[in-house]
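K.L.:
Show me the folded form of this:
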Amino acid sequence: MKYFVTGLLLWFIALLPRSAESAEETYHIITFQAGMKAAMKGDGKWKTCSDYFAAVETGSGKVIHFTFEKSPSSTIFAFTKIDRVIVSIQKNVTTPTVIVLEDRVDAKFILKMNVEDYKAGLPCLTKVVGA
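P.N.:
Numbers count the residues shown, from 1 in each chain. Okay, the predicted model is just below:
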């Protein structure tokens, strides 16, 4: 009987992380339009990194910007401090995606992307430590 209970417990432990992961909403990050990239480059403060990310240094730290699509009719312009961003590099991701951990002003974001998109966005996605 104890082997049955142990086996059942191990089965639940193996199954739970996958069920929690499937409950998360993943949204595609949209590329910046040419006009928006040009406006940011002309600003002098904003730095564009790849087609997906932009950043600006403020008195309270780096703020990054990206846009994601919740549905075909709902586009979200995300502006967040870099310390609220977690980057996850995955080989099978074709375009960057985002998971929103909390749906409010101080939300945390998990950005999933492949190595190439990460390298292109690295100047915007790095956290400066000790500056």
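K.L.:
Just the buried positions in stretch 34-42, please.
P.N.:
Met40 (16 or more other Cβ atoms under 10 Å). C-betas here are computed from N, CA, C, even on glycine.
K.L.:
Quick one: distance of it to the chain centre.
P.N.:
Centre-to-centre, stretch 34-42 and its host chain are 22 Å apart (Cα atoms, centre = their mean, to the nearest Å).
K.L.:
Quick one: residues in contact with that stretch.
P.N.:
Here stretch 34-42 makes contact (Cβ atoms under 8 Å, 6 or more residues apart in numbering) with Phe32, Trp46, Lys47, Thr48, Asp51, Ala54.
K.L.:
Just to be sure, Gly121 is in a helix?
P.N.:
Yes: assignment of Gly121 by DSSP: H, G, I helix; E, B strand; the rest coil places it within a helix.
K.L.:
ok now do it, which residues does it touch?
P.N.:
Residues counted as contacts of Gly121 (Cβ under 8 Å, 6+ apart) are Cys49, Ser50, Tyr52, Phe53, Pro96, Met113.
K.L.:
Tell me the one among those residues nearest to His28.
P.N.:
Set against His28, the nearest of the contacts of Gly121 by Cβ to Cβ is Pro96 (7.7 Å).
K.L.:
I'd like to know which of the contacts of stretch 34-42 is nearest to Lys127.
P.N.:
Within these, proximity to Lys127 (Cβ to Cβ) peaks at Lys47, which comes in at 14.7 Å.
K.L.:
mind checking pLDDT for that closest one?
P.N.:
For Lys47, the model assigns a pLDDT of 89.
K.L.:
re earlier: most neighbours, which of the contacts of stretch 34-42?
P.N.:
Using other Cβ atoms under 10 Å as the neighbour test, these are led by Ala54, with 23 neighbours.
K.L.:
Distance-wise, check Ser76 relative to Ile29.
P.N.:
Actually, residue 76 is Ile. It isn't Ser. For Ile76, the distance to Ile29 equals 10 Å [Cβ to Cβ, to the nearest Å].
K.L.:
who has more neighbours, the two?
P.N.:
Each of Ile76 and Ile29 has its neighbours counted (other Cβ under 10 Å); Ile29 has more, 24 against 14.
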